[in-house]
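In: I would like to see how this sequence folds:
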Amino acid sequence: MLSVLRISGFALIDELELDLGPGLTVITGETGAGKSIIVEALGLLRGGRASAEVIRAGRDEARVEAIIDLPPASAAELRARLEAEGREGPGDREPGLLVRRTVSRTGRGRIHLAGGLATAGDLTTTVAGLIDIASQHDQQSLTDAESQMAILDAFAENERLRADMAAAHRTLVETTAALASFNADARTRAEREDLLKFQLAELEAAALQPGEDEQLRVERERLKGAEKFFAAASRGEEVLYAQESAVVGMIAAVSRELLPLAALDPTLASAVERLAGAQATVEDVARDLGRYASHVRSDPARLAEVEERLFLLSRLCRKHGATLAEVIERREVIARELAEMGSFEEGLAERRDAQARADAAARAAAEALSKSRRRAASGLEKKIAETLRDLGLGSARLPILVEPRAAADAAGEVTIGASGADRVRFLFAPNPGEEARPLARIASGGELSRVMLAVKQALAKTDRVLTYIFDEVDSGVGGGTAETIGRKLKKIAAARQVIAITHLPQIAAFADAHIRVTKTSGQGRTRVAVEPVSGKERTREIARMLGGSTPSAEATAHADEMLRRASAS
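Out: Residues are numbered from 1 along each chain as shown. This next block holds a predicted model:
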């Protein structure tokens, strides 16, 4: 449930903190006192659009935050999902899920969810599924086709069937696209095949080898500078080994002179040993230089071959890839594509089979979903009718139609979408003998309020929402019907937290907790204050709702009677 709500700098509210409990909480106040501001603030926590216009004059930002206490199963599920997304979930010992949203005049708002930064989409995914707001505006969503389908699916507990349907539809779309792409125009495919054959022949004739471009560049430099390479290598061999005053001879002479002295002074032994190693190293280098010089030759013909080969490799890289490795990979890709083209009929048959299997699976999933919806529709009709009867609409009917979602295609088969093959429509006939028509066209505001309440009660056992918030859905009713609405809200509140903003005392009397909203003006400022009322203060508030700002003794007595009767029921 929603246990704590804090609002700061929002609309007419300076600072507000509400401690909320289970059961039915009502929020009352005079018209225009600002009761619906609380609902607007909660709308932000559910992922609603934020605007700097909600920031209170004189403040730089507005802030709304809440603590939502979760049952263990819901907390574990949410924790697993958030951790899978790389964010921290509510801890095992934490009091609840902390949600905070800040709206700044600079436009740089911030959202925190379970201790980490989040987006408005995260709030829609997480918080909107925990807190449901039913307002005069949301009554219009009751007439929306998608919302009507969602209501029926929630009642039928079709969550798994909906997931299966969405997955099957996704596979159908993918296989259909793959078939269409593969089954391209024959002429285009033939032209493509000719081009690929030409490219493959060119690449195979080149007989490309990995790394050969680098090897050829090194050889080219050696051939272009053959005289320099030969002279340097030959001179090096001569200086180190071949000439009379070669380095090797000088090292040997020093070693011979030090060797007998090292026998007398052991500290010279290390120097003698290192000189021997240096002599061996110099001799090895001299031999290597000699071998290198013996292989260096000026060869203009070979240089021309190397230049021509490098030019060919450069041209192929410009056509097929930035590097030789990419060109070689391109050769393999072309070969594979040509092989696939060569087996076009087999590939076409394979993709047709895959699309047919996906279509059959999607239609099976759609049929299972349709059967579940048709079975649930009559049950939902009965439950709503029972509640409408209690709410003073005893003759009203709300038929629920489950129909094909669109006209059949050329083959006579119904088209399928991610939500199945159905269109769900709520019809309404308020009076006997009248033809049932779409709910949006015929129901009044008061009738829609009662239908919405009936729907919420019908979903009470299957809906996973923890908190229902009703914002003046009692509009257009009064008297005995209002008392019945109060009883219904009380009944719904036995299974989950209910917060109702109401102007009817008959409903307020059934509350487990009562909160009063007042608006005051002074020093050029308007402020909204919120306070819980109980005992005599609550009686006075009920009396005010009955008889105006200065209720009579009769109104006070009537308020006392209403509270006693509601408490005893």
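
In: Every contact and neighbour count from this point should use C-alpha atoms.
Out: OK.

In: three-state assignment of Arg6?
Out: Under DSSP: H, G, I helix; E, B strand; the rest coil, Arg6 falls in the strand class.

In: And Phe470, by the same measure?
Out: strand.

In: That one and Ala500 touch, don't they?
Out: Yes - the criterion here is Cα atoms under 8 Å, and Phe470 meets it with Ala500 at 4.6 Å.

In: Can you get me the start-to-end distance on stretch 47-61?
Out: 17 Å (Cα to Cα, to the nearest Å).

In: Any chance you could list what contacts that stretch?
Out: 9-14, 44, 62, 102-105, 107, 120-124, 127-128 (Cα atoms under 8 Å, 6 or more residues apart in numbering).

In: how about 10 Å then?
Out: Here stretch 47-61 makes contact (Cα atoms under 10 Å, 6 or more residues apart in numbering) with 8-14, 37, 40-44, 62-63, 101-109, 111, 119-128, 525.

In: Show me where the stretch 201-350 of the chain dips below the pLDDT cut-off.
Out: Along the stretch 201-350 of the chain, segments meeting pLDDT under 70 span 225-227.

In: hang on, I meant the chain
Out: For the chain (pLDDT under 70), the answer is 33, 85-95, 135-141, 184-187, 225-227, 406-414, 442-446, 473, 475-476, 478.

In: still on that earlier bit, identify the contacts common to Phe470 and Ala500.
Out: Common neighbours of Phe470 and Ala500 (Cα under 10 Å, 6+ apart) are 26-27, 133-135, 489.

In: Just the buried ones from these?
Out: For those, a burial check counting by 16 or more other Cα atoms under 10 Å picks out 26-27, 133-135, 489.

In: could you dump those residues to JSON lines with secondary structure?
Out: Shown next, in JSON lines, are these (three-state DSSP):
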{"residue": "Val26", "secondary structure": "strand"}
{"residue": "Ile27", "secondary structure": "strand"}
{"residue": "Ile133", "secondary structure": "strand"}
{"residue": "Ala134", "secondary structure": "strand"}
{"residue": "Ser135", "secondary structure": "strand"}
{"residue": "Leu489", "secondary structure": "helix"}
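
In: and those residues as TSV, adding distance to Phe198?
Out: Formatted as TSV, those follow (distance: Cα to Cα, whole Å):
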residue	distance to Phe198
Val26	80
Ile27	79
Ile133	66
Ala134	67
Ser135	69
Leu489	77
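
In: which among those gets closest to Glu193?
Out: Of all those, Glu193 sits closest to Ile133, with 60.3 Å by Cα to Cα.

In: I'd guessed the closest one sits against Leu453; true?
Out: No - under the criterion of Cα atoms under 10 Å, Ile133 is not in contact with Leu453, lying 11.9 Å apart.

In: Give the residues shared as contacts by the two.
Out: Phe470.

In: Out of the contacts of stretch 47-61, which sit inside helices?
Out: Assigned to helices by DSSP state H, the following of these qualify: 37, 40-44, 120-126.

In: buried subset of these?
Out: Neighbour counting by 16+ other Cα under 10 Å classes 37, 40-44, 120, 122-124, 126 among the ones in helices among the contacts of stretch 47-61 as buried.

In: Do a quick rundown of the strands in the stretch 401-550 of the chain.
Out: Under the criterion DSSP state E, counting those that start in this stretch, the stretch 401-550 of the chain contains strands at 422-428, 437-438, 467-471, 497-501, 513-522, 525-533.

In: Could you say which of those is packed most deeply?
Out: strand 497-501 (a mean of 26; mean count of other Cα atoms under 10 Å).

In: what angle separates that one from strand 467-471?
Out: Angle of strand 497-501 versus strand 467-471, following axes from the mean of the first three to the mean of the last three Cα atoms, to 10 degrees, is 10 degrees.

In: what's the angle between strand 497-501 and strand 513-522?
Out: Interaxial angle, strand 497-501 versus strand 513-522 (the same axes, to 10 degrees): 40 degrees.
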